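> Turn this into a model:
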Amino acid sequence: MDVYLPIANLSVNGLIIVGLGALTGLLSGMFGVGGGFLTTPLMIFYGIPPTVAAASAASQVTGASVSGVFAHTRRGGVDYQMGSVMVAGGIIGTGLGAVLFNLLEKLGQIDTVINILYVVLLGSIGGLMAKESIQSIRAERSGVPLPARKRRHHPMVASLPMRWRFYRSGLYISPLAPLLLGIGTGILTMLMGIGGGFVLVPAMLYILGMSANVVVGTSLFQILFVTMATTMMHALTTHAVDIVLAALLLLGSVSGAQVGAQFAQKASPVKLRLLLAVIVLLVAGRMALGLGYRPDEIYTVAPL
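Presented below is the predicted three-dimensional model:
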């Protein structure tokens, strides 16, 4: 079933795109991540231009985040005060990311930069996840539990001025810390088409020191609004959002997320985390190979 993508200017098999969406939805339901960090690389592997893949993936993450926010809101798992500060930072970051995106596009380096960012981020985070998972599995087998992490914010956060009290997160810190975190996530969302959850959640836990029971809900709240802003910014400035591509991805991800959520309830969380780490490292390795490997056809002719 061939489908024409008007912005990407190519025909693709619609079932394969729906399948890619279902795969990322499955991972989202299993691991609690937005899936955008895998959607974009998989589309690039399939032949979608990186700029179109990044812009369209952001709109797909928006749709996938809505149900998650409602679910966490019902159980009181969203810190709206913290989330609002991070959304403000994310919108500022989106604007800065749009300027950077257009600059790199004019220089002809945007595709390379997107690939390098994915290799660095996926490689580092996948490595950390794998290390932590292996330590947890060894501790389970030996019967000696790992020492519990103390919940505290980073010393640099404590040194920032103008403190606010965030009651739901149990914090008394400067709003500049979540604002700066939001700005960084907004830039990454604009450049890479990710929701930023796989960067945001560890940062909220280990840098801000937020309570674990509100981290995922607050992260999804921020991702929802920042990916909305990113989609609008791409539509207005880069004109790279392919609505047909986004719709096909969303169709697959909604059904995949339901299956993934059911599977996650039956599987071991530690083994699931190790599986995710392996998938992330494989994707990073494939993208690194693509950066350094010389293709058979060095030049291709594409219609204007």
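
> so where's the stretch 51-200 of the chain uncertain?
Within the stretch 51-200 of the chain, the segments meeting pLDDT under 70 span 63-64, 67-68, 144-155, 158, 193-196.

> got the residue ranges for the helices in it?
Secondary structure of the stretch 51-200 of the chain (DSSP state H, counting those that start in this stretch): helices at 80-107, 110-142, 155-158, 176-192, 197-206.

> So for the second one, what gets flagged as buried?
What it means is helix 110-142. Neighbour counts using 16 or more other C-beta atoms under 10 Å place 110-111, 113-115, 117-119, 121-123, 125-126, 129-130, 133, 136 of helix 110-142 among the buried residues. The C-beta positions use only the backbone N, C-alpha and C, and glycine is treated the same way.

> Show me what it is packed up against.
Here helix 110-142 touches helix 36-46, helix 50-74, helix 80-107, helix 176-192, helix 197-206, helix 269-292, going by 3 or more C-beta pairs under 8 Å, 6 or more residues apart in numbering; DSSP states H and E.

> out of the helices of the stretch 51-200 of the chain, nearest to Arg286?
Comparison of those against Arg286 by C-beta to C-beta identifies helix 110-142 as nearest, at 9.4 Å.

> quick one: that closest one to chain centroid distance?
In terms of C-alpha atoms, centre = their mean, to the nearest Å, the centre of helix 110-142 is set 14 Å apart from its chain centre.

> angle of it against helix 36-46?
120 degrees (axes from the mean of the first three to the mean of the last three C-alpha atoms, to 10 degrees).

> Output the helices and strands packed on helix 110-142 as TSV; include the columns mean neighbour count.
Listed next are these as TSV, based on neighbours: other C-beta atoms under 10 Å:
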stretch	mean neighbour count
helix 36-46	24
helix 50-74	23
helix 80-107	20
helix 176-192	24
helix 197-206	21
helix 269-292	16
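
> out of these, which comes closest to Ser255?
Ranking the helices and strands packed on helix 110-142 by proximity to Ser255 (C-beta to C-beta) places helix 50-74 first, at 11.4 Å.

> In the stretch 201-304 of the chain, where is pLDDT below threshold?
Residue ranges of the stretch 201-304 of the chain with pLDDT under 70: 257-258, 260-269, 293-304.

> which strands and helices sit next to the helix or strand harbouring Met232?
Per DSSP states H and E, Met232 falls inside helix 212-233. Here helix 212-233 is seen to pack against helix 50-74, helix 80-107, helix 176-192, helix 197-206 when contacts are counted using 3+ C-beta pairs under 8 Å, 6+ apart.

> Using CSV, list the CA coordinates for the shortest one.
Think helix 197-206. Provided in CSV are the C-alpha atoms of helix 197-206 (Å, rounded to 0.1, in the frame of the first residue of the first chain):
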residue,chain,number,x,y,z
GLY,A,197,11.6,12.1,28.3
PHE,A,198,14.7,9.8,28.2
VAL,A,199,16.8,12.9,29.1
LEU,A,200,14.2,14.7,31.2
VAL,A,201,13.3,11.9,33.6
PRO,A,202,16.9,11.2,34.8
ALA,A,203,17.6,14.9,35.1
MET,A,204,14.5,15.5,37.2
LEU,A,205,15.4,12.7,39.5
TYR,A,206,19.2,13.2,39.9
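
> Just the angle for it relative to helix 176-192, thanks.
Using the same axes, to 10 degrees: helix 197-206 against helix 176-192 is 170 degrees.

> Over to the longest one?
For helix 80-107 against helix 176-192, the angle by the same axes, to 10 degrees is 40 degrees.

> Could you check the angle helix 80-107 makes with helix 212-233?
Angle between the axes of helix 80-107 and helix 212-233 is 40 degrees (criterion: the same axes, to 10 degrees).

> Tell me what angle helix 80-107 forms with helix 50-74.
Angle of helix 80-107 versus helix 50-74, following the same axes, to 10 degrees, is 180 degrees.

> The helices of the stretch 51-200 of the chain: which one's closest to Ala284?
Closest of the helices of the stretch 51-200 of the chain to Ala284 is helix 110-142, at 3.8 Å (criterion: C-beta to C-beta).

> Could you report the separation of Leu171 from Leu181?
Separation of Leu171 from Leu181 (C-beta to C-beta, to the nearest Å) stands at 13 Å.

> what's the closest of the helices and strands packed on helix 212-233 to Val244?
helix 50-74 (8.9 Å).
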